[in-house]
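In: Can you look at this prediction? I've put the sequence above it.
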Amino acid sequence: MIKQLFPYGKPVVGKDLIDRKDIISEITYNVRGGQSVILASPRRYGKSSVILESLNQLKKEGYLVGYIDLFEKTSLAEVAEGLVEAVLSNETNRARDVLGMAKRNLSDFVKNVQFKTLWEDYEIILSFGSKEIDESKLIDDALDFPQKLASKKNKKLILAIDEFGELTDLNSQMIKRMRAKFQRHDRVTYIFSGSQESLMKKLFTSKAEAFYGFGKMLTLNPLPAKELVDYLTRTFKKGGFKAPREVCSLIAEKTKHHPHFTKILSQSILDLALQNKITTINKKLVDDGFKLALLRIKGELDSEWIVLSKATLQKKILKFLAHEKGKIYAKDSFSDADRSQLYFAISELERKGILRKEGRGKYAFINPFFPEYIRLLKNL
């Protein structure tokens, strides 16, 4: 019997990607026409999966493609290297390793006849092996590298830059340099994505920002109910379990249709079913599975709560929302002193990826387990 029906924790493509056909279709349609796109949504909504699936489809159509995730980049040199590696992924298998070879032993790399054409065409590779790196020139060359390779191959290149907002913390001036370079690239179309929705909207829709008007803004929302229930019913059945639609609807409701947390809850339910030799998924199993899933991610929630230790008003807001006490901006919801700071505190919770705005004065937890976690805490 299958024990891992609901993979989570890393990007998925193909059959493991739940729905998202419409957003993938919109991304591919726009970039085929040369229109760059911006994809914004909270972390773990499946942005990377959507982007990778879009790139897979475009690659099959003959486009050059590249993908870089800026989340773990700690320097501009690492960003430059990541860009070059992303673009070199369109070269032969052996050529994909040239950066590592050049960095390990530049002199041997240059003497290697089979790489002579490659390093002569792409002189930037030599820069990574140099002991004295001119970071400014390296960045400029890396930013131009996508256009250079696409021109050399006489093809269109689609380059995805994931977690683009991380550049604001790393080096805000880099964003201006990117815009100056990218706007001249006629053979490259870009996909930008980020988890901080408000930041991404600011970077691409504010007239004061360098990337104003550069692409079409798209938003990744929670999964549609029908498609998510279809997926759950089908996947449980594949593992030999009967899962009535009303029970699958309950799972989707508990996770607020969040793809990542739906898989965590579903896998927890599956584990309990296997442990207790149950073949029909029922409501009690869903409730027990929710408790198990909450226990499994408790460490993550503990860390988020500890970070808020000195943010008293932010914790008050989360407690208020967790206990569903009413409208957050209502006159009697908070003291006058707190209400004067509500906007800034909520904005910070949005920036941290804890809350998401759903409408005027309406906010929701991104992690559907967080409200229950707060309700269970003692001595708040």
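Out: Looks like it arrived, so ask away.
In: Show me the residue at the heart of this protein, geometrically.
Out: Taking Cα atoms, centre = their mean, the centroid of the chain lies closest to Lys47, which sits 4.3 Å from it.
In: ok, and for stretch 199-215, which residues are buried?
Out: Within stretch 199-215, the residues that count as buried by 16 or more other Cβ atoms under 10 Å are Leu199, Met200, Lys201, Lys202, Leu203, Phe204, Glu209, Ala210, Phe211, Phe214, Gly215. For the C-beta atoms, the positions are set from N, CA and C on the backbone; glycine is no exception.
In: Kindly format the C-alpha coordinates of that stretch as CSV.
Out: C-alpha atoms of stretch 199-215 as CSV (Å, rounded to 0.1, in the frame of the first residue of the first chain):
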residue,chain,number,x,y,z
LEU,A,199,6.4,44.5,-1.5
MET,A,200,6.0,42.9,-5.0
LYS,A,201,3.1,45.2,-5.8
LYS,A,202,5.1,48.2,-4.6
LEU,A,203,8.2,47.2,-6.7
PHE,A,204,6.2,46.8,-9.9
THR,A,205,3.2,49.2,-9.6
SER,A,206,4.7,52.2,-7.8
LYS,A,207,5.8,55.0,-10.1
ALA,A,208,8.7,55.7,-7.8
GLU,A,209,10.2,52.2,-8.3
ALA,A,210,12.6,51.1,-11.0
PHE,A,211,10.5,48.2,-12.3
TYR,A,212,7.3,50.2,-12.5
GLY,A,213,5.2,48.9,-15.4
PHE,A,214,7.7,46.3,-16.4
GLY,A,215,5.3,43.4,-16.5
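In: And the average pLDDT for that stretch is what?
Out: When pLDDT is averaged over stretch 199-215, the result is 91.
In: just for the stretch 251-380 of the chain, where's the confidence low?
Out: Applying pLDDT under 70 to the stretch 251-380 of the chain picks out residues 326, 378-380.
In: Repeat that for the stretch 1-150 of the chain.
Out: 1-2, 92-134.
In: Can you list the residue ranges for strands in it?
Out: Assigned by DSSP state E, counting those that start in this stretch, the stretch 1-150 of the chain shows strands spanning 37-40, 64-69.
In: Out of those, which is closest to Lys3?
Out: strand 64-69 (29.3 Å; Cβ to Cβ).
In: starting at the chain centroid, how far to the closest one?
Out: On the basis of Cα atoms, centre = their mean, to the nearest Å, strand 64-69 is displaced by 14 Å from the centre of the chain it belongs to.
In: Likewise for stretch 279-289?
Out: With Cα atoms, centre = their mean, you get 30 Å for stretch 279-289.
In: Tell me the buried residues in that stretch?
Out: Buried residues in stretch 279-289 (16+ other Cβ under 10 Å): Ile281, Asn282, Leu285, Val286, Asp288, Gly289.
In: now stretch 214-221
Out: Phe214, Gly215, Leu218, Leu220.
In: returning to what we had before: tell me which of the buried residues of stretch 199-215 fall in helices.
Out: Here DSSP state H is the test, and the buried residues of stretch 199-215 give Leu199, Met200, Lys201, Lys202, Leu203, Phe204 as lying in helices.
In: Kindly provide the distance from the residue nearest to the centre of the chain to Glu163.
Out: Going from Lys47 to Glu163 by Cβ to Cβ, to the nearest Å gives 9 Å.
In: Pull up the overlap in contacts between those two.
Out: Ser193, Ser195 (Cβ atoms under 8 Å, 6 or more residues apart in numbering).
In: in which helix or strand would I find the nearest residue to Tyr8 once chain neighbours are set aside?
Out: Nearest residue to Tyr8, sequence neighbours excluded (Cβ to Cβ, 6 or more residues apart in numbering): Lys263, at 4.0 Å. If you go by DSSP states H and E, Lys263 is part of helix 259-275.
In: Need the CA coordinates for the helix or strand just after that helix. CSV is fine.
Out: Going down the chain from helix 259-275, the next helix or strand is helix 283-296, by DSSP H and E. Extracted in CSV, the C-alpha atoms of helix 283-296 (Å, rounded to 0.1, in the frame of the first residue of the first chain):
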residue,chain,number,x,y,z
LYS,A,283,-14.7,13.1,9.9
LYS,A,284,-13.2,11.8,13.1
LEU,A,285,-10.1,10.8,11.2
VAL,A,286,-9.9,14.3,9.8
ASP,A,287,-10.2,15.9,13.3
ASP,A,288,-7.5,13.5,14.6
GLY,A,289,-5.4,14.2,11.6
PHE,A,290,-5.6,17.9,12.2
LYS,A,291,-4.3,17.5,15.7
LEU,A,292,-1.4,15.3,14.4
ALA,A,293,-0.5,17.8,11.7
LEU,A,294,-0.5,20.6,14.2
LEU,A,295,1.8,18.7,16.4
ARG,A,296,4.1,18.1,13.4
